[in-house]
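*Asks:* Quick one, fold the following:
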Amino acid sequence: MKHLIYILISVLAFVLSVLSVKAQEVRDSVNIPEEQKLYEKALKYIDSLQYDKAEPLLLESIKKNKKYVPSLMKLGYIKLQQKDFKSSEKYFKTALKYDVSQWEALKYLGKIYYETKKYKESKMMLDSAYHYEAQDPELLFFKSQLMVAGKAYKEALTPLNEAIDLKPNYIEALVLRAEISYHIKQFNECIKSITEAIDKMPADKKEYNAYKLRAKAYFEIGQFKKSIQDFNVYLEAVPNDEEALILRASAKINTNDFASAITDLDEAIKINPNNPVSYNYRGAAKGGLNKFKEALQDLDYAIKLKFDYAAAYVNRAAVKYAIKDKRGACKDLEKADALGDQMAYQLIQEYCKGMQ
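*Replies:* Numbering: from 1, shown residues only. Model (predicted):
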């Protein structure tokens with residue numbers, strides 16, 4: 001009997017405990033403001049990038065309470081991701097109106113002004129945000145971006161390196177550091193940074209512009225085969241990039257793959273039939289295949305499009321020399337020399353001395 005009573009008491013205690021917890025949950029639910037409930041529900045959608053489902057909830061939240069800053073901030077963030085800069089600016093400014101300590105609103109306003117090329121306003125906002133929080137990697141990255149826009153490349157490295165120290169897997173920052181290194185002609189540093197960024201990219205979120213940048217850096221240091229490999233990856237994803245096609249063709253010419261270079265240049269000319277660079281390189285590639293008549297046609301057209309194109313005169317001189325038109329070759333070299341081409345001057349000394 002005592003044992004039965006003990007069991008009944010234990011069960012009753014458990015039931016009362018459960019009821020107490022549920023009662024607390026009810027009280028907590030009742031005490032949570034409606035705008036907060038909506039905001040918290042929206043956060044789940046934002047985390048999964050379902051902005052179309054999050055936005056109505058956030059709008060309803062600020063209808064309940066127009067001063068509810070968390071919802072205003074998230075609406076500003078969503079609009080920024082959607083590149084609706086005008087709406088984003090409105091929400092962040094409203095958030096600051098109700099809470100002047102919202103340094104992240106200042107940070108994102110700085111980003112908005114950077115994207116809309118209002119660089120003076122961008123600097124003002126980013127500096128204000130930095131006054132509140134100097135250890136935010138994204139803010140440091142934005143400051144560096146702004147410096148790069150002003151071509152202050154070396155100065156931009158300081159905040160950028162700080163951002164990477166704080167967040168070693170910051171892929172965008174690693175890519176920007178590589179871009180800076182490329183601009184200041186530190187090509188090996190560029191390759192190092194971009195390789196680190198590529199290695200850290202998720203397999204399903206590759207930033208193909210990184211491959212293009214590394215391809216260009218490899219090209220600059222004469223590693224043409226590696227340059228071609230990276231251009232292959234990039235052009236597989238972005239096949240209509242005229243610059244990439246021309247540069248890959250140039251790398252192929254440097255590896256004596258003339259036929260493949262011509263294929264790339266044919267594609268580049270389809271995209272832009274008035275670029276003299278494409279005709280110059282295609283003329284050089286056709287010359288490499290001993291298609292001298294076609295080579296001269298391309299080089300003539302390159303010079304027609306750009307009469308002061310020194311490199312095209314040098315390439316046309318090479319073709320003319322190959323077909324035994326030494327006088328015509330030397331005239332082209334003289335034109336290139338007059339345009340300041342150093343190679344032309346050297347070739348004149350070697351092949352054209354003594355000619356009338």
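*Asks:* Check which helices and strands the one helix or strand residue 97 maps to is in contact with.
*Replies:* Secondary structure assignment for residue 97, by DSSP states H and E: helix 85-98. Using 3 or more Cβ pairs under 8 Å, 6 or more residues apart in numbering; DSSP states H and E as the contact definition, the elements that helix 85-98 packs against are helix 69-81, helix 103-115. To be clear about C-beta, it is placed using only N, CA and C from the backbone, and glycine gets the same treatment.
*Asks:* same thing but 10 Å
*Replies:* helix 51-64, helix 69-81, helix 103-115 (3 or more Cβ pairs under 10 Å, 6 or more residues apart in numbering; DSSP states H and E).
*Asks:* Nearest to residue 249, out of these?
*Replies:* Closest of the helices and strands packed on helix 85-98 to residue 249 is helix 103-115, at 33.4 Å (criterion: Cβ to Cβ).
*Asks:* tell me which residues in the closest one are buried?
*Replies:* Buried positions in helix 103-115, judged by neighbour count with 16 or more other Cβ atoms under 10 Å: 103-114.
*Asks:* Turn these into CSV, columns for distance to residue 205 and pLDDT.
*Replies:* Conversion of the buried residues of helix 103-115 to CSV gives the following (distance: Cβ to Cβ, whole Å; pLDDT from 0 to 100):
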residue, distance to residue 205, pLDDT
103, 28, 96
104, 24, 97
105, 28, 97
106, 29, 97
107, 23, 97
108, 22, 98
109, 27, 98
110, 25, 98
111, 21, 98
112, 24, 98
113, 27, 98
114, 23, 97
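*Asks:* Looking at those residues, which is nearest residue 314?
*Replies:* Proximity to residue 314 was ranked across the buried residues of helix 103-115 by Cβ to Cβ; first place goes to residue 114, at 41.9 Å.
*Asks:* Return the residues in contact with the closest one.
*Replies:* Counting by Cβ atoms under 10 Å, 6 or more residues apart in numbering, residue 114 touches 121-123, 125-126, 142-143, 145-146, 149.
*Asks:* got the CA positions of the host helix or strand of residue 346 in PDB?
*Replies:* Per DSSP H and E, residue 346 falls inside helix 342-347. Listed next in PDB are the C-alpha coordinates belonging to helix 342-347 (Å, rounded to 0.1, in the frame of the first residue of the first chain):
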ATOM      1  CA  GLN A 342      61.900  49.100 -78.500                       C
ATOM      2  CA  MET A 343      61.800  45.700 -80.300                       C
ATOM      3  CA  ALA A 344      61.400  47.500 -83.600                       C
ATOM      4  CA  TYR A 345      64.600  49.500 -83.000                       C
ATOM      5  CA  GLN A 346      66.600  46.400 -82.200                       C
ATOM      6  CA  LEU A 347      65.300  44.600 -85.300                       C
END
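*Asks:* Give me the helices and strands touching that helix, please.
*Replies:* For helix 342-347, the packing partners by 3+ Cβ pairs under 10 Å, 6+ apart come out as helix 310-322, helix 326-338.
*Asks:* Buried deepest among the ones you listed, which one?
*Replies:* The densest packing among the helices and strands packed on helix 342-347, expressed as mean neighbour count by mean count of other Cβ atoms under 10 Å, is seen in helix 310-322 with a mean of 23.
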